[in-house]
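Novice: What would the 3D arrangement of this be:
(one chain, ligands or ions: 1)
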Amino acid sequence: MTKEAAQRLEIELLFEALYRCYGYDFRSYSFESASRRVLRRVGMDGLGSISELQHQILYNENAADRLLQDLSINVTEIFRDPLFYLTLRQQVLPLLDEYEHLKIWHAGCATGEEVYSMAIMLSEEGYFPRSNLYATDFNNVALDKAKSGIFPLEQMRLYSKNYQAAGGKRSFADYYHANYNSAVMKGSLKERTLFANHNLATDSSFGEMQMIVCRNVLIYFDKKLQDRVFNLFADSLCEGGILCLGSHETIKLSTLSRRFETISGDQRIYRKKW
Ligand SMILES: C[S@@+](CC[C@H](N)C(=O)[O-])C[C@H]1O[C@@H](n2cnc3c(N)ncnc32)[C@H](O)[C@@H]1O
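Specialist: Below is the predicted model of the structure:
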């Protein structure tokens, strides 16, 4: 066996251990990026091999939690990709007028910036009082930050710019107050949101949604896991429900694509057919 093949096997066994012991399933993640992160952890801890890391994982839950933080990429922004939000505001929300009540699921919400963006937009467009938001991620550390609604103050200049480009109708400063180096988002923005742990690789549907936003999550999954998630979303959306993906993600290559029509190809927004 070559050194590369042996290393690959070690990483596969590590992921198997992580899954069987703790339910975190990285076996179907794109191998390149996940293995780079594993090797970085091995290097940072001065371990002799990946199998040593596996030993730690098996006997020490803290080591497993730390590896989960290494493996999950939580990069996000308020009004990330402003054109996406502008399209939602102008073209997609009116499609939802027919529903009396809106249930919106943010799958893989990371530290929640996406959810606060949605709450702001819904309130400006008058949909907030009849909406419920479900913000899920499998990373509890990220979820706790999301629940707190506290973000670095230094980001606010960028977020304000994003907000304006996304069609914001007020001043972004109306939605937070500064506290030392932090920006604390207005409490009312999270009062209609339920934050919960949900693992897209292993958990099932938990209700019928009018919109699902899952952006910049599927890029880390292989095709098999992407299909599992597309099935989960197709089962979770009502007829006519909206699916929003990230700018490098598409449902087009999946067998599920026949159940969706495209609302905006550029912004990766799809609608479940009747
Ligand atoms: C790059 S962030 C995307 C955040 C946000 N959706 C955005 O587009 O700005 C990816 C998120 O997906 C989450 N994630 C990865 N695998 C997951 C899984 N199997 N189940 C639930 N969340 C997962 C990570 O923990 C991380 O918070």
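
Novice: Tell me, what's the model's pLDDT at Ala173?
Specialist: Note on Ala173: pLDDT of 98.

Novice: List the contacts of it.
Specialist: By C-beta atoms under 8 Å, 6 or more residues apart in numbering, Ala173 lies in contact with 156, 160. Just so you know, the C-beta spots here come from the backbone N, C-alpha and C atoms, and that holds for glycine as well.

Novice: So it: helix, strand or coil?
Specialist: Judged by DSSP: H, G, I helix; E, B strand; the rest coil, the three-state class of Ala173 is helix.

Novice: so how far is Leu153 from it?
Specialist: 11 Å (C-beta to C-beta, to the nearest Å).

Novice: do Arg271 as well
Specialist: 38 Å.

Novice: Could you check which of those two is surrounded by more residues?
Specialist: The neighbour count for Arg271 versus Leu153, taken as other C-beta atoms under 10 Å, is higher for Arg271 (20 against 15).

Novice: Next up, identify which helix or strand the more buried one is on.
Specialist: Assigned by DSSP states H and E, Arg271 falls within strand 269-272.

Novice: Quick check: residues of the chain near the ligand?
Specialist: 72-76, 80, 108-110, 114, 137-139, 142, 199-201, 215-217, 246 (C-beta under 6 Å from any ligand atom).

Novice: show me where the stretch 151-274 of the chain has strands.
Specialist: Under the criterion DSSP state E, counting those that start in this stretch, the stretch 151-274 of the chain contains strands at 176-179, 182-185, 193-197, 209-214, 237-245, 260-264, 269-272.

Novice: Save those strands as JSON lines, and put in distance to Leu86 and mean pLDDT too.
Specialist: Converted to JSON lines, those look like this (distance: least, C-beta to C-beta, whole Å; pLDDT from 0 to 100):
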{"stretch": "strand 176-179", "distance to Leu86": "21", "mean pLDDT": "98"}
{"stretch": "strand 182-185", "distance to Leu86": "21", "mean pLDDT": "98"}
{"stretch": "strand 193-197", "distance to Leu86": "22", "mean pLDDT": "98"}
{"stretch": "strand 209-214", "distance to Leu86": "15", "mean pLDDT": "98"}
{"stretch": "strand 237-245", "distance to Leu86": "13", "mean pLDDT": "98"}
{"stretch": "strand 260-264", "distance to Leu86": "10", "mean pLDDT": "98"}
{"stretch": "strand 269-272", "distance to Leu86": "12", "mean pLDDT": "98"}
